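>>> this one's sequence-less:
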Ligand SMILES: Cc1cc2nc3c(=O)[nH]c(=O)nc-3n(C[C@H](O)[C@H](O)[C@H](O)COP(=O)(O)OP(=O)(O)OC[C@H]3O[C@@H](n4cnc5c(N)ncnc54)[C@H](O)[C@@H]3O)c2cc1C
């Protein structure tokens, strides 16, 4: 981003894009709300990069073709105690066991560890394995839409 700005790009932050403006079959900019005001931001090129939840909404509002294939893989960590061997220094996910519908990998869930007071024993005494289940890509980020409908 810094490189782009140094080369003359204008950075417009703190705004929510509503839709892409199409003129003559080409994207000519976006309509966005910034500081409570709707404004048109002209652009030579528009890249929809609002994430898996945001991009389909913008494309649908713009009348552009989009495919609804949202998946959300549930993740949990199974942890147990072990003999403490010193400070925690494990590499996260050093390897992955991949199956058709899930993966297993050594992974310490720091976020849960910090949020759950009851878990706050020395991290070095915890060994943890991540279980990530594969969702099917049939979900929807827009109400009333799904890949099956
Ligand atoms: C809890 C969690 C853990 C994850 N862990 C991992 C991991 O370990 N490894 C891994 O590879 N991936 C992981 N992921 C996935 C990874 O975060 C995403 O794949 C990646 O962030 C997608 O990047 P993106 O730029 O497409 O979208 P995002 O990172 O979602 O960025 C989209 C941006 O667009 C903005 N936006 C949305 N709508 C609008 C709008 N209308 N106008 C303007 N801006 C808008 C959003 O605010 C956001 O800043 C994780 C995701 C989550 C939620």
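On my side now, so go ahead. Every value quoted in this text rests on a predicted model; they were computed, and no experiment measured them.
>>> got the residues of the protein near the ligand?
When proximity is defined by Cβ under 6 Å from any ligand atom, the chain lies next to the ligand at 16-17, 49-51, 54, 58. Where C-beta positions appear, they are placed from N, C-alpha and C, glycine not excepted.
>>> Any chance of a PyMOL selection covering the buried ones in these?
Command for PyMOL that selects the buried part of the residues of the chain next to the ligand, burial taken from 16 or more other Cβ atoms under 10 Å:
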select buried, resi 17+58
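>>> For residue 45, give its distance to the ligand.
16 Å (Cβ to the nearest ligand atom, to the nearest Å).
>>> neighbours around that residue, how many?
By other Cβ atoms under 10 Å, 6 other residues sit near residue 45.
>>> need the contact list for it.
Shown in contact with residue 45 (Cβ atoms under 8 Å, 6 or more residues apart in numbering): residue 27.
>>> from now on call the first residue 57
Okay, residue one is now 57; in that scheme the one you just asked about reads as residue 101.
>>> what about this structure, any weak spots by pLDDT?
For the chain, the stretches with pLDDT under 70 are 140-144, 177, 199-205.
>>> quick one: the helices in it?
58-62, 107-117, 166-171 (DSSP state H).
>>> Can you say which of the ones you listed is nearest to residue 100?
Closest approach to residue 100 among these is made by helix 58-62 (12.7 Å; Cβ to Cβ).
>>> Could you give the separation of that closest one from the chain centroid?
24 Å (Cα atoms, centre = their mean, to the nearest Å).
>>> re the thing from before, mind giving me CSV with the residues of the chain next to the ligand and columns for distance to residue 136?
Below are the residues of the chain next to the ligand laid out as CSV (distance: Cβ to Cβ, whole Å):
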residue, distance to residue 136
72, 44
73, 46
105, 40
106, 40
107, 34
110, 38
114, 44
